[in-house]
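Q: For reference, the sequence and a predicted model appear below.
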Amino acid sequence: MASADEIIVNGQVITLPTLEVVKAVPIMAAGTNIDWLVHLYYARRDFIRCRFIIDRELYRSLNPEYLYYVKGLIDREEGNSIEALRNLQKALDLNSKNIETYKEIGKTLFIMGRFNQALSIFREAEELSPRQDHEICHFIGELLHRSAAACNQFALARQEEAEAKVYFERAVQSGKKLESFQRLGEILRKEKDYSKAIEVLENCLLLSPENIEVLTEIGVLYLKINETQKAFDRLSEVINLDRKCSKGLLAYGAILQSRNDIDGALGKYQEIAATEPDIPELWNNIGLCFFKKKQQKIIAAISSLRKSIWLSPLNYNALYNLSLIYITAQQYASAFHTLAAAINLRKDSAECYMLLGICLRKLEDGDNAFKAFQRSNEIQLQQQKNAGRNPLVHLNYALFCYESGRIALATEQFTRFVSSSKDLLLPTEYKFQATKLKSLLKISTSNMVTSTPPNGDAASDVNWQPTEGGNNGHSNVQSESSIDDIYGIYGVKRQAAGDRKVLSDTKEKALVTAAAAAAAAALTNNASTAATIPTEMPLEVNAVVNA
């Protein structure tokens, strides 16, 4: 009976040849350089034969440096980092000027988590290297970047971050390492130099044209500089390459949401929820989609945003959006508590304090509402010097001041609103309320100056009220129809100073609608991505991207 490796042909048993022809390791004379053979087996990842040759020739070789070097690499590949470090150190003792050995020791220390020692080794290699080595620069930059992230001292962290950026730039200039481009882009994004980050990542695509992670990052960065169409194109490539890329789908849905394609955005979010349902930004955007529908689904929006906060309790955007929807639903006490949590996370948000003033005004706490508006104004004035601007803060403050009798302060805030919105294309609601407030304040279009109370201190204009036909061109005599027709952006009915007549509630629904639309515009400065066009300030809220 023939075995499995034998067949019977014409009554004879023939053994079948094996497909793999295994040759024995050649035996060479002592002193022969077999580094080439060791390298050949290591390149083929035939570690068994490679280790056999090393163990046989290690003490016969005249120069075992390369043998120790390869043995250390094999040990590291097999997960024995300590033994790898010992063998690499033996190779370094035999030749202390070999840059490659320094680099492999540094990599081994990096894998072991001994980052300070790895940084020292790479700096020694940098001093010995006759030219700029991209691997050395990359690892020094990586180690400095990690050290800066873990450093508790702000000044030292900034210094290490700047040094890491320099080394990554050198790595990009001297070599083509994908990770160097990505790390440099990450640092530039952190510095908010989005255009430069996009340029770096576009060059990275030359190395890997179908890298989904890089394409997604470029799409998100294009959103940050308001290049929506370019972002849309890049994210379309991501979806074509990988239909299950959650970050790409989230950013793509955010663009559709910003274009008011709510159903299309919800379709993309549904695809994400089927595979990765525990993404806080996903439920934040779903909640905003329900809020932006023609027939607002307030309960569904609140439920989605509460789930987003449950997944990430320190999610500022979700807290802000939830408070905004609470205001729309006239749940001012809930909005107050949500805004308090949001302000604890970001104390420099002018829009949060503005909405807090709205809630306090609705809760009939005029003194604290004034303090909240005053704080929002201070923060806004500080941000205008460095970052963006939101004229809505000044307009809401002016409307509240007019209602509470602070006419001079209302005039001052209205002047700031006009000056801060000169080169912006304002929505109709903004213009409508600003025009009505200007008519009540009797402000001349050709002479926009800041008015002050008789004592000359506009900030102290709390109890001062203008007399009929008095100073500053203001008068407390207004027709009832004009008073009753003044509505704030946030939906508070305006009343002239000194007029105690109770106004009718016939326009309550209109007030609530104005509150929903205009307060939503404040979210523009808080959305982490999918920002609006610089020349336009829409009344709709924007989605955020997990970035």
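A: Here it is on my side, so go on.
Q: Surely residue 13 is within a strand?
A: Yes - assessed by DSSP: H, G, I helix; E, B strand; the rest coil, residue 13 belongs to a strand.
Q: ok, it to residue 6 distance?
A: 5 Å (C-beta to C-beta, to the nearest Å). For glycine as for every other residue, the C-beta is placed from the backbone atoms N, C-alpha and C.
Q: What's the end-to-end length of stretch 88-108?
A: For stretch 88-108, the first-to-last residue distance is 9 Å (C-alpha to C-alpha, to the nearest Å).
Q: And for stretch 360-369?
A: 5 Å.
Q: And the contacts of it?
A: With C-beta atoms under 8 Å, 6 or more residues apart in numbering as the test, stretch 360-369 has contacts from 327, 330, 332-333, 336, 357-358, 372, 400, 404, 490, 492.
Q: Also stretch 159-169?
A: 137-138, 140-142, 144-145, 147-148, 151, 180, 183-184, 187-188, 190.
Q: Swap in 10 Å and give it another go.
A: By C-beta atoms under 10 Å, 6 or more residues apart in numbering, the surrounding residues in contact with stretch 159-169 are 122, 126, 136-151, 153, 177, 179-188, 190-191, 200.
Q: so for stretch 303-318, what's the average pLDDT?
A: The pLDDT scores in stretch 303-318 average 92.
Q: For that stretch, buried residues please.
A: Neighbour counts over stretch 303-318 (16 or more other C-beta atoms under 10 Å) mark 304-305, 307-309, 311-312, 315-318 as buried.
Q: now residue 33: how far from residue 69?
A: On the measure of C-beta to C-beta, residue 33 and residue 69 end up 14 Å apart.
Q: Which of the two has more residues huddled nearby?
A: residue 69 (24 against 13; other C-beta atoms under 10 Å).
Q: Tell me who's in contact with the more buried one.
A: 35, 38, 42, 54, 87-88, 90-92, 94-95, 98, 100-101, 104.
Q: so how far is residue 76 from it?
A: Counting by C-beta to C-beta, the gap from residue 69 to residue 76 is 11 Å.
Q: what is in contact with these two at once?
A: With C-beta under 10 Å, 6+ apart as the test, residue 69 and residue 76 both reach 87-88, 104.
Q: If any of these are buried, give me the PyMOL selection for them.
A: Those of the shared contacts of residue 69 and residue 76 that count as buried under 16+ other C-beta under 10 Å are selected in PyMOL with:
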select buried, resi 87+88+104
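Q: May I see the buried residues of stretch 303-318 organised as CSV, with distance to residue 366 added?
A: Formatted as CSV, the buried residues of stretch 303-318 follow (distance: C-beta to C-beta, whole Å):
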residue, distance to residue 366
304, 34
305, 29
307, 35
308, 33
309, 30
311, 37
312, 35
315, 31
316, 28
317, 29
318, 29
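Q: which stretches of the protein aren't confidently modelled?
A: 1-5, 7, 9, 11, 16-32, 384-388, 443-547 (pLDDT under 70).
Q: can you pull out the strands in it?
A: 6-9, 12-15 (DSSP state E).
Q: give me every residue that touches the nearest residue to residue 217 once chain neighbours are set aside.
A: Distance criterion C-beta to C-beta, 6 or more residues apart in numbering; nearest residue to residue 217, sequence neighbours excluded, is residue 201 at 5.9 Å. Residues near residue 201 by C-beta under 10 Å, 6+ apart: 181-182, 184-186, 188-189, 211, 213-215, 217-218, 221, 234.
Q: again, 7 Å this time
A: By C-beta atoms under 7 Å, 6 or more residues apart in numbering, the residues touching residue 201 are 181, 185, 214, 217-218.
Q: do residue 359 as well
A: 327, 332, 335-336, 339.
Q: again, only using 6 Å
A: 332, 335-336 (C-beta atoms under 6 Å, 6 or more residues apart in numbering).
Q: And residue 283, by the same measure?
A: With C-beta under 6 Å, 6+ apart, residue 283 has these contacts: 304, 307-308.
Q: what's the answer for residue 85, then?
A: Contacts of residue 85 by C-beta under 6 Å, 6+ apart are residue 108.
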